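Engineer: Structure for the following, please:
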Amino acid sequence: MEVFYALIKKKDWSDIFRHVNKHKDYAKKNPIEWANICNILGEEFVRYASNEKPVLVKDLCQKYLIFVSHNLLTLRDDLHIQVENIGLEATLIEDFNAVPNYLKLCSKSEKVLNYKWKKKVNPETKKPSKTVKSPMIHWLSPLFKSEQELYFYQALRDIYPNLFIYPNVALKNIFDYDQLNSSLTKPEQDFYFKGVVDFVIYEPDGLQHPLYFFELDSKYHDTETAKYNDSLKNAIFDAAGIKLHRVRLDSRTLTPKHEFKQIIKGLLG
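Structural biologist: Model prediction:
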């Protein structure tokens, strides 16, 4: 398919993976051409990943291996080993605690299969007192930071009972940085790695692509710092050409869940 060759040339990995999932029956109908596409894709991916920053390739390597494990893509053994090695090195740097889950995706590289992961222990961390025998429940933080967040989540769940709804999703888990960074200013690039979106709705099937994005605003968004951060987040969504829905409720309402449902329906129709 010409579209794959064009996307491979552009190194548009996110779009490539979307097309692989969309055209997964193509391999059965055209096995020879599909094998050629997969071979070229594997070679180009390894060439790209070998020279990019870990933050850009960690999730891509993981996604590539998931596609291979589900037989949506094929990968020559030598390329398979390189992808596993590159992904492990990137995960060790960017998200050490995620290494055990990454290792479960690997099956070819002896280096990866023989890697022994050990949880890092901070030598400065004091050992808990032996007199503490009960768990510190009061140290735990709730998923929702306010009643408004809880009501908003309930409203979304009522409207979209068959979709997945997640709170506090990191921007870096939503957008492909490699595709987006050239459209962002330096402050926006920095904010990309630490910003979160209050609520994201995902499709329930396949790889669970995000569908809708919501920010729950309140009086706490009226400070200068909050306004600046909101402008950075808006700019990132604008650069991606995706709508970020901002919702603000009248604090005097006695039926917040109902009001949220009306606002959401008005925004999305």
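Engineer: For Asn168, which three-state class applies?
Structural biologist: Using DSSP: H, G, I helix; E, B strand; the rest coil, the structure places Asn168 in strand.
Engineer: show me what contacts the nearest residue to it once chain neighbours are set aside?
Structural biologist: Distances taken as C-beta to C-beta, 6 or more residues apart in numbering place Val196 nearest to Asn168, at 4.9 Å, with adjacent residues excluded. In short, each C-beta sits where N, CA and C put it, glycine included. Listed by C-beta atoms under 8 Å, 6 or more residues apart in numbering, the contact partners of Val196 are Asn168, Val169, Ala170, Leu171.
Engineer: As JSON lines, those with neighbour count and pLDDT would be great.
Structural biologist: Formatted as JSON lines, the contacts of Val196 follow (neighbours: other C-beta atoms under 10 Å; pLDDT from 0 to 100):
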{"residue": "Asn168", "neighbour count": "13", "pLDDT": "91"}
{"residue": "Val169", "neighbour count": "16", "pLDDT": "92"}
{"residue": "Ala170", "neighbour count": "14", "pLDDT": "94"}
{"residue": "Leu171", "neighbour count": "20", "pLDDT": "94"}
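Engineer: of these, closest to Leu88?
Structural biologist: Ala170 (21.7 Å; C-beta to C-beta).
Engineer: Model confidence for the closest residue to the closest one other than its chain neighbours, exactly?
Structural biologist: Distances taken as C-beta to C-beta, 6+ apart place Val196 nearest to Ala170, at 5.3 Å, with adjacent residues excluded. We have a pLDDT of 94 for Val196.
Engineer: do the same with the one 4 residues further on
Structural biologist: We have a pLDDT of 95 for Val200.
Engineer: ditto for Gly269
Structural biologist: Gly269 carries a pLDDT score of 67 in this model.
Engineer: Confirm that Asp198 lies within a strand, as I assumed.
Structural biologist: Yes - looking at Asp198 with three-state DSSP, it is inside a strand.
Engineer: Could I get the buried residue list for the helix or strand bottoming out on mean pLDDT in the chain?
Structural biologist: Each helix and strand of the chain was given a mean pLDDT (mean pLDDT, DSSP states H and E); the minimum falls on helix 26-29 at a mean of 74. Neighbour-count burial for helix 26-29, counted by 16 or more other C-beta atoms under 10 Å, picks out Tyr26, Ala27.
Engineer: and that helix, how far from the chain's centre?
Structural biologist: Offset of helix 26-29 from its chain centre (C-alpha atoms, centre = their mean, to the nearest Å): 29 Å.
Engineer: next one: stretch 144-151
Structural biologist: Worked out by C-alpha atoms, centre = their mean, stretch 144-151 lies 23 Å from the chain centre.
Engineer: Any idea how many residues pack against Tyr151?
Structural biologist: 21 (other C-beta atoms under 10 Å).
Engineer: Name all residues that make contact with the residue lying closest to Asp217 once chain neighbours are set aside.
Structural biologist: In space, and not counting its chain neighbours, Asp217 is closest to Arg248: 4.2 Å by C-beta to C-beta, 6+ apart. Arg248 is in contact with Leu216, Asp217, Ser218, His221, counting by C-beta under 8 Å, 6+ apart.
Engineer: These in strands, which ones?
Structural biologist: Mapping these onto strands (DSSP state E) picks out Leu216, Asp217.
Engineer: With distance to Val68 added, can I get the contacts of Arg248 in TSV?
Structural biologist: Formatted as TSV, the contacts of Arg248 follow (distance: C-beta to C-beta, whole Å):
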residue	distance to Val68
Leu216	39
Asp217	42
Ser218	45
His221	43
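Engineer: Now do stretch 206-221, average pLDDT.
Structural biologist: 89.
Engineer: What are the contacting residues of that stretch?
Structural biologist: Contacts to stretch 206-221, defined as C-beta under 8 Å, 6+ apart, come from residues 17-18, 21, 63, 146, 148-149, 152, 156, 163-164, 169, 174, 197-203, 226-227, 230, 233, 237, 242-249, 251, 264, 268.
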